[in-house]
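A.B. asks: please find the sequence and the predicted model below.
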Amino acid sequence: MATMTFIQAITDALNTQLKNDDKTLIFGEDVGKNGGVFRATDGLQAEYGKDRVFDTPLAESGILGLSMGLALQGFRPIPEIQFIGFIFEAMDSIAGQMARTRYRMNGKVGLPITIRSPFGGGTHTPEMHADSLEGMIASVPGLRVVTPSNPYDAKGLLISAIKNNDPVFFLENLKLYRSLKADVPEGEYTVPLDKANVVREGSDVTVIAYSAEVNESLKVAEKLAKEGISVEVVDLRSLAPIDSATLVQSVSKTHRAVVVQEAQRMAGVAAKVVSEISEKAILSLDAPIGRVSAPDTVYPFGLAEDDWLPAAADIEAKVRETLEFN
Amino acid sequence: MQNTDASENRSSFVDFAAIKDEMMSNQTPLQVLDGHGKIVNQAVFDQYSDTELVDMLKLMVWERTLHQRSNALTRQGRLGFYAPTEGQEASEMGAQLAFKATDFLLPAYRDIPQLIQHGLPTWKAFLWSRGHVLGNDYEEEHLAAMPPQIIIGAQYIQAAGVALGIKKNKTEDMVAYTFTGDGGTSQGDFYEGINFAGAYQVPAVFIIQNNGYAISTPRHVQTAAVTLAQKGMAAGIPFVQVDGMDILAVREAAKAAREYAAAGNGPVLIETLTFRFGPHTNAGDDPKRYRTPEEEQPWFDNDPLIRLRKVLTEKGVWSEEIENAYIDDVKAEIKAAVAQADAAPKQKISDFLKNVFEEPTPDIVEQIAIFEAKEAK
């Protein structure tokens, strides 16, 4: 067991799988000698050589088309998209090509590709670097979308994603990269895909969040606990598919739900959660489902991010409103 | 002040006009047989036995017959999507002949004949056209290919990836090969594909079938480049333009490209100059709206079948009788393939759901149950 930051846990997962499976390949822009712009692949080229860890020309569609061809030749590619805002360039490769391949070929051809990309705001990046595009990505049939909220899950989920025989889009929150530390086991372990995680048990209200907002929600839960309010916090972890069984179980216990996302209100994942709960557990609810999200603007300019992003205070207000509903 | 003499505009530091002049100087496309059936490269021609020449003509007759039957079947509503191939036989079969069954083919929607020659049973090609998933089930045939691509550049970047995989696997004597049209060379993926392949020096052969039109958009609207082949220059990969109505020239160029790539020298780009005699697809496109008879006639006269047929008839190894008997055989095979396609089971949505992931996710498990119940009724 070692104490690791979120990004160290990512590097450790990559290192573990490069060591365990010689068909794994890491490539993308600046991932080689430079170790990635966030150092996620630091030292891996030195350890495994340029044949396994290599830089690509700067072309996102090319990187993901290359992944597809390599997977067809028996490799297990782990391409990196440097910043999430560059993904538009590659949406045909992702949604039009790789995600549909198994379906298209009668279930006979699986593409074990794990696309890694940082996402999420609050770090004052330039335009097109931090957008919350997970809703768009999670709408693609044939693609799993996973996002961890802590170092332990980051390593375990990434190893699960790499070992999976279908494409997985693995989203890493930029703000979490160096702001969190936790104990992370050595070697290979997995955290299951497709499963949400109850990160804090409670009985009065369920707060459902993912990525950095899980930590904001935990702050709220701790604060309200001092007033005798018991908040259950569920970390979605898998944005596609949504683990509705865990959500239904939690909501059936607490009878109240608040869904939190960093993305714009229109951007999908929270809306999907609300619809799953509405369809499967509405009769167990004592109040309308609360939703906390960013406003429906284009992703904001850096200096406005702090006002734009939903924070603990917004979650707290929505939780109180939900609890006060009669 | 107005300059009337262009040369007065020429800077002594950099002469862009001269650079452009040099850039625009066209090369003559490679030929073995010219448009009149005259042998212009005797040395290459003589390398082929009569049997080989006859087999090449047979392949083109096969493709023409497949086209005619597919056209008729489409009109009868017995095929779905169909992109006519008439006129492109030398380009398609000449290229296909240069590759081995173990090479990896990434075709576009007009490359069905190559896919069939590569090993896809004709009845499965018909199922693909109709929109039946069994047309894309290559497992039984162990087919080294992807299903026909609809996005006109996507197969180029995938071909670069397959070729990189071949290189990394150190598989000997294997290449990835792929086709697009003149319109496809305008797509970002075209550039990304040839650029990646060049950067990694992988065994890929990229073929552009320049048939003059992307649906109705003429070649000159696609680009100011004097040839499409020269786009390889920017990617640092060798390129050549070939007479796409001359099966011998296309075959020789593709064979040389395959040998060059398979030997570890990196990728090659080939442009074949060809013409589709008919519409873009059979879904309502009418070439009369964008092509004139004066423009079309020289291409019809340049029919790749006429050219080789003339030479082989003069040699006394081909005749109308031989051709008709062969066409009858092909028609019988196609009829059997249609019957086999007709016998394919109805597709089930529950099977589709099972094929989205290796193991269905919990939300998909729910939906499988819903559709299985519906399908049981």
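C.D. replies: Great, that's in hand.

A.B. asks: show me which residues of the stretch 51-200 of chain B are close to chain A?
C.D. replies: B:104, B:133-134, B:136-139, B:146-147, B:151, B:154, B:156-166, B:168-169, B:176, B:188-189, B:191-193, B:195-196, B:199 (CB under 8 Å from any CB of the partner chain). In short, each C-beta sits where N, CA and C put it, glycine included.

A.B. asks: rerun at 6 Å
C.D. replies: Residues of the stretch 51-200 of chain B lying close to chain A by CB under 6 Å from any CB of the partner chain are B:133, B:136-137, B:139, B:151, B:154, B:157-158, B:160-162, B:165, B:169, B:189, B:192, B:195-196, B:199.

A.B. asks: quick one: the strands in chain B, in order.
C.D. replies: Ranges of strands in chain B, per DSSP state E, are B:104-106, B:176-181, B:204-210, B:213-214, B:217-218, B:239-243, B:268-273.

A.B. asks: for B:Val365, find the nearest of those.
C.D. replies: strand B:104-106 (33.5 Å; CB to CB).

A.B. asks: show me what that closest one is packed against.
C.D. replies: helix B:154-168, strand B:176-181 (3 or more CB pairs under 6 Å, 6 or more residues apart in numbering or on different chains; DSSP states H and E).

A.B. asks: now the closest residue to chain B within the stretch 51-200 of chain A, nearest residue through space, not along the chain?
C.D. replies: With CB to the nearest CB as the measure, A:Gly69 is the residue of the stretch 51-200 of chain A nearest to chain B, at 1.9 Å. Using CB to CB, 6 or more residues apart in numbering or on different chains and skipping residues adjacent in sequence, the residue nearest A:Gly69 is B:Gly161, 1.9 Å away.

A.B. asks: what about that neighbour, neighbour count?
C.D. replies: 32 (other CB atoms under 10 Å in any protein chain shown).

A.B. asks: and if you look at A:Arg76?
C.D. replies: Neighbours around A:Arg76, by other CB under 10 Å: 21.

A.B. asks: report pLDDT for it.
C.D. replies: pLDDT, A:Arg76: 98.

A.B. asks: close enough to count as contact, it and A:Pro112?
C.D. replies: Yes: here A:Arg76 lies in contact with A:Pro112, judged by CB atoms under 6 Å, at a distance of 4.7 Å.

A.B. asks: before we move on, the earlier item: can you check which of the helices and strands packed on strand B:104-106 gets nearest to A:Glu305?
C.D. replies: Across those, closest to A:Glu305 is helix B:154-168 (CB to CB), at 34.3 Å.

A.B. asks: for chain A, what's the nearest residue on chain B?
C.D. replies: Per CB to the nearest CB, the residue of chain B with the smallest distance to chain A is B:Gly161, at 1.9 Å.

A.B. asks: from what I can see that residue touches A:Leu72, true?
C.D. replies: No: here B:Gly161 lies out of contact with A:Leu72, judged by CB under 6 Å, at a distance of 7.2 Å.

A.B. asks: A strand includes A:Lys175, no?
C.D. replies: No: going by DSSP: H, G, I helix; E, B strand; the rest coil, the assignment for A:Lys175 is coil, not a strand.

A.B. asks: tell me the pLDDT of the spatially closest residue to it that is not a sequence neighbour.
C.D. replies: Leaving aside its sequence neighbours, A:Lys175 sits nearest to A:Gly122 (CB to CB, 6+ apart; 4.5 Å). For A:Gly122, the pLDDT comes out at 88.

A.B. asks: A:Gly122 - how many residues pack around it?
C.D. replies: The burial count for A:Gly122: 19, using other CB under 10 Å.

A.B. asks: for B:Arg251, give me its contacts.
C.D. replies: Contacts for B:Arg251 (CB atoms under 6 Å, 6 or more residues apart in numbering or on different chains) come out as B:Gly94, B:Leu97, B:Ala98.

A.B. asks: give me the neighbour count for the closest residue to A:Ile229 other than its chain neighbours.
C.D. replies: Distance criterion CB to CB, 6+ apart; nearest residue to A:Ile229, sequence neighbours excluded, is A:Asp204 at 5.4 Å. A:Asp204 has 17 neighbours, counted by other CB under 10 Å.

A.B. asks: wasn't A:Ala287 part of a helix?
C.D. replies: No: under three-state DSSP, A:Ala287 sits outside any helix and is assigned coil.

A.B. asks: pLDDT score for the nearest residue to it once chain neighbours are set aside?
C.D. replies: Counting by CB to CB, 6+ apart, A:Phe325 is the residue found nearest to A:Ala287 once chain neighbours are left out, at 3.6 Å. pLDDT, A:Phe325: 96.

A.B. asks: how close does A:Phe325 sit to A:Ser278?
C.D. replies: 16 Å (CB to CB, to the nearest Å).

A.B. asks: one more: A:Ile208?
C.D. replies: Computed as CB to CB, the A:Ile208 to A:Ser278 distance reads 13 Å.

A.B. asks: which of those two has more neighbours?
C.D. replies: The neighbour comparison of A:Ile208 against A:Ser278 (other CB under 10 Å) goes to A:Ile208, with 31 against 13.

A.B. asks: is it true that the more buried one touches A:Val234?
C.D. replies: Yes: using CB under 6 Å, A:Ile208 is in contact with A:Val234, at 4.7 Å.

A.B. asks: list the contacts for B:Pro203?
C.D. replies: For B:Pro203, the contact set (CB under 6 Å, 6+ apart) comprises B:Ala163, B:Ile166, B:Val175, B:Ala261, B:Ala262.

A.B. asks: any idea how far B:Ala160 is from it?
C.D. replies: For B:Pro203, the distance to B:Ala160 equals 10 Å [CB to CB].

A.B. asks: ditto for B:Asn302
C.D. replies: In terms of CB to CB, B:Asn302 sits 33 Å off from B:Ala160.

A.B. asks: how about A:Phe169?
C.D. replies: Counting by CB to CB, the gap from A:Phe169 to B:Ala160 is 22 Å.

A.B. asks: between the two, which one's more packed in?
C.D. replies: Neighbour totals were compared for A:Phe169 and B:Ala160, and B:Ala160 leads with 33 against 28 (other CB under 10 Å).
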